[in-house]
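Asks: Test case, fold it:
(chains A and B)
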Amino acid sequence: MLDHLDKAIIAAMQDDFPLVSEPYKELAEQIGVSEEELLTRLRRYRRCGHIRKMGLVLRHRKVGYRANALCALAVPEEQVDAVGKKMTECTAVTHCYTRLPQPEWNYNLYIMLHSSTREKCRQIAEQLAEDSGIVDYVMLFSVHEWKKTSMRYFTD
Amino acid sequence: MLTDFDRKLLNLIQTDLPLEKRPFLVIAEKLGTDENAVIERLRFLKEQGLIRRIGPFFDSGRLGYVSTLVALRVKAERMAEVAQTINGYTGVTHNYEREGKFNLWFALISPSLPAQTKILAEIEQLAGVEQLMSLPATRKYKVSVQFAL
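Replies: Numbering: from 1, shown residues only, chains lettered A, B, ... in the order given. Next up is the predicted model:
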């Protein structure tokens, strides 16, 4: 279970990471803990999977990945596990999740594709679907980004 | 544009910012440069907007939150209004207008299932929303996000 201090640390770690020689020392001072305590807890979060990644997120459009598409595929239930795992091997696939199919919407596997152009996204999806023998899929290209942000936890 | 040094730096740091007292020194040693060069370059890339965020990325489920992907069918003339109302919820992290029958897709992270249900009920009632589907993930095979640079 996360205690009060864990929540304070997690909330504070969502602000800008200090780009200085000893960033954890600066963060620890803001939170009111020792640097050692902060590092110990952060290492534990990473080991236990609370932190899924310690690193950075790029603005993908600015580094050459100008197109993205959400692609929803209808995969026979008995194949979905194998197909899902196979799709992750493709570097253009950044997210790959299964979701429950809905009435009038029988898609159960969703992949997020990032590439330089829409056409490339389309070609990659076509190839991935063909390789897995999937014929029913839909490309959901974005036409407008209304919001993109990082979640802020325990800030209320 | 990214330099060769930027690519090496970003590829190293994308998923593995060291949890050490001087993380940028660790990175600098791997790159054969000094700590200050790493810090200065990261500041520059952040200022230029290439880096969106540095730090830990948490697994919402592990922190006790519930997440879902929501697809809406929204009347075109109400799109802006509906999208802006949805943006107003702090748990909405991504909100994209997309081509197709379901034309607005957003990701929602909530502290509990009742909290999520309440928000979805409010959104379903918005003028212009014709249909709502909540599509929580059942299995996650890949949650990158690492880009090969």
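Asks: can you give me the helices in the chain?
Replies: Since no chain was named, I'll use chain A. A:4-12, A:23-31, A:35-48, A:80-87, A:118-131 (DSSP state H).
Asks: The chain in question should be chain B.
Replies: Secondary structure of chain B (DSSP H): helices at B:4-13, B:23-31, B:35-47, B:79-87, B:113-124.
Asks: Chain B - how does it break down into domains?
Replies: Domain assignment for chain B by automatic domain parsing gives B:4-47, B:66-135.
Asks: Output those domains as JSON lines; include the columns mean pLDDT, mean neighbour count and distance to chain A.
Replies: (Glycine included, C-beta is placed from N, CA and C.) Below are the domains of chain B laid out as JSON lines (pLDDT from 0 to 100; neighbours: other CB atoms under 10 Å in any protein chain shown; distance: least, CB to the nearest CB, whole Å):
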{"stretch": "domain B:4-47", "mean pLDDT": "95", "mean neighbour count": "17", "distance to chain A": "5"}
{"stretch": "domain B:66-135", "mean pLDDT": "97", "mean neighbour count": "17", "distance to chain A": "4"}
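Asks: Now tabulate those in JSON lines and tack on distance to residue A:135.
Replies: Formatted as JSON lines, the domains of chain B follow (distance: least, CB to CB, whole Å):
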{"stretch": "domain B:4-47", "distance to residue A:135": "35"}
{"stretch": "domain B:66-135", "distance to residue A:135": "18"}
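Asks: looking at those domains, which is closest to residue A:151?
Replies: domain B:66-135 (5.0 Å; CB to CB).
Asks: returning to that earlier point: between the domains of chain B, which one is nearest to residue A:59?
Replies: When the domains of chain B are compared by CB to CB, domain B:4-47 sits nearest residue A:59, at 9.9 Å.
Asks: Off-centre distance for the closest one?
Replies: Centre-to-centre, domain B:4-47 and its host chain are 22 Å apart (CA atoms, centre = their mean, to the nearest Å).
Asks: about what we covered before: for the helices of chain B, which one sits closest to residue B:103?
Replies: Comparing these by CB to CB, helix B:79-87 comes nearest, at 7.3 Å.
Asks: Against which helices or strands is the closest one packed?
Replies: Identification of packing neighbours for helix B:79-87 by 3 or more CB pairs under 8 Å, 6 or more residues apart in numbering or on different chains; DSSP states H and E yields strand A:137-148, strand B:66-74, strand B:92-98, strand B:104-110.
Asks: try it again with 6 Å
Replies: Counting contacts by 3 or more CB pairs under 6 Å, 6 or more residues apart in numbering or on different chains; DSSP states H and E, helix B:79-87 packs against strand A:137-148, strand B:92-98.
Asks: Can you add distance to residue A:89 and give those strands back as TSV?
Replies: As requested, the helices and strands packed on helix B:79-87 are exported to TSV (distance: least, CB to CB, whole Å):
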stretch	distance to residue A:89
strand A:137-148	18
strand B:92-98	24
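Asks: Out of those strands, flag the one nearest residue B:108.
Replies: Using CB to CB, those put strand B:92-98 closest to residue B:108, at 5.6 Å.
Asks: which residues touch the closest one?
Replies: The set of residues that contact strand B:92-98 without belonging to it, under CB atoms under 6 Å, 6 or more residues apart in numbering or on different chains, is A:140, A:142-149, A:151, B:86-87, B:104-108.
Asks: residues near the nearest residue to residue A:101 once chain neighbours are set aside, how many?
Replies: Excluding the flanking residues, the one nearest residue A:101 by CB to CB, 6 or more residues apart in numbering or on different chains is residue A:108, at 4.7 Å. Neighbour count for residue A:108, taken as other CB atoms under 10 Å in any protein chain shown: 22.
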